[in-house]
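1. A predicted structure for the sequence below; I have some questions about it.
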Amino acid sequence: MKDWFADISAQFKLNFIDGNRWQWLVEGFRTTLIIAFFATILGILIGVLIATIRSTYDKTGESLKKRGGIGVKIFGIADRICKLYLTVIRGTPMVVQLLIMYFIIFKSSTRGTLVAIISFGINSGAYVAEIFRGGIMSVDNGQFEAGRSLGFNYIQTMIYIVIPQMFKIVLPTLCNEFIVLLKETSVAGYVGIRDLTKAGDLIRGRTFSAFMPLIAVALIYLVVVIILTKLVGILERRLRRSDH
C-alpha cells in the first residue's frame, strides 16, 4: 500500500508539479472555455438568423408564392442557401471542418483560437438553427395573430412576441448544446491549439506517462459536465414551475 501511494505521489509530482505543468492544464482549460463560450454565442446568432428565415418560409411560403415578385424569389434563394448550409455542416465531421478552416480558408492566420471559435460557431449554428426552428414552429399560431392584431408586421411579431417565447421553450436544449460543444472542442488540438485535451497530451509527451495527465483531463471534463447538467436540471425545474 505504501509503495502504491509512493508511486502515485511520484507520478503526480512528475506530471503536474515538476516544471509547473499543472499550469498547462489551467491555461488549456481557459482556452477550452473561451472557445466554447464565444462559439456558442456565434452559433446562437447564426441559429436565430437561419431559423427565422426557414420558419418564416415554412409558414408564409405558399402565400408569398401567390403574391409573386422579386421578394419571393430572394426569400426562396435564402431558404435554399440555409438548407445547403445545414446539409453540409451536419453532414461532415467537426474535425474535418476545423482542418479546412485552419489549413485552407484561414491558412495565413496565426490566431488559432479565433479560427477555432469561428469553426465551432459555424458548426454549432447548424444544430442551434434546428433547435430554434423547432421552438418557433411550436409557438401557437394564435401568438402570430395576436401580434398582427396589435399592429406589428411579421418581423416585429417575431422579434417581440415569438422569439422570446421560443427562447423559453428551447433554453434547456440550448444549454445541452453548450455542453456538447464544450466536449467537441477537444479536437482543437488537431490544429495545434493548446486546449485542455492538448495540454494533457503535451504533459504525456514530456513525461512519457499517459495515465495521470489523461485521467486528469477526463476528470476535469466530467466535473464541468456534471455541474452544467445540474444547472440545466435546476433551470428546467424553474421553467416548469413558471408555466403553472
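-> That came in fine, so what should we check first? Numbering: from 1, shown residues only.

2. so how far does stretch 12-32 reach from one end to the other?
-> The first and last residues of stretch 12-32 sit 23 Å apart, counting by Cα to Cα, to the nearest Å.

3. who touches that stretch?
-> 113, 182, 185-186, 188, 193-200, 202-203, 206-207, 209, 212-213, 216-217, 220 (Cβ atoms under 8 Å, 6 or more residues apart in numbering). Quick note: C-beta positions are derived from backbone N, CA and C, even for glycine.

4. any idea where the helices of this protein begin and end?
-> 2-12, 22-67, 70-91, 94-100, 112-138, 141-149, 154-157, 163-184, 196-207, 211-243 (DSSP state H).

5. Quick one: mean pLDDT over the second one.
-> Which is helix 22-67. In this model, helix 22-67 has a mean pLDDT of 86.

6. From the chain's centroid, how far away is it?
-> 7 Å (Cα atoms, centre = their mean, to the nearest Å).

7. tilt between it and helix 70-91?
-> 150 degrees (axes from the mean of the first three to the mean of the last three Cα atoms, to 10 degrees).

8. now helix 22-67 and helix 112-138, what's the angle there?
-> With the same axes, to 10 degrees as the basis, helix 22-67 and helix 112-138 are set at 40 degrees to each other.

9. Compare the helices of the chain and give me the one nearest F106.
-> helix 112-138 (4.8 Å; Cβ to Cβ).

10. just how off-centre is that closest one within its chain?
-> Relative to the centre of its chain, helix 112-138 is centred 6 Å away, using Cα atoms, centre = their mean.

11. ok, now stretch 19-34?
-> On Cα atoms, centre = their mean, the centre of stretch 19-34 falls 21 Å from the chain's centre.

12. Please look at Y85 and A126 and confirm they touch.
-> Yes. Between Y85 and A126 there is a contact under Cβ atoms under 8 Å: 6.6 Å.

13. Common neighbours of these two, please.
-> Contacts common to Y85 and A126, judged by Cβ under 8 Å, 6+ apart, are I50.

14. Which one's more surrounded, the two?
-> Ranked by neighbour count (other Cβ atoms under 10 Å), Y85 and A126 place A126 first, with 20 against 16.

15. Could I get the contacting residues of the nearest residue to the more buried one once chain neighbours are set aside?
-> Take A126 and drop its neighbours on the chain: the residue closest to it by Cβ to Cβ, 6 or more residues apart in numbering is I89, 3.8 Å away. Taking Cβ under 8 Å, 6+ apart, we find I89 in contact with 97, 122-123, 125-126.

16. how near is I89 to Q11?
-> 42 Å (Cβ to Cβ, to the nearest Å).

17. same check, this time on R237
-> For R237, the distance to Q11 - Cβ to Cβ - is 42 Å.

18. Between those two, tell me which one has more neighbours.
-> For R237 and Q11, the more surrounded residue by other Cβ under 10 Å is Q11, and the numbers stand at 15 against 11.
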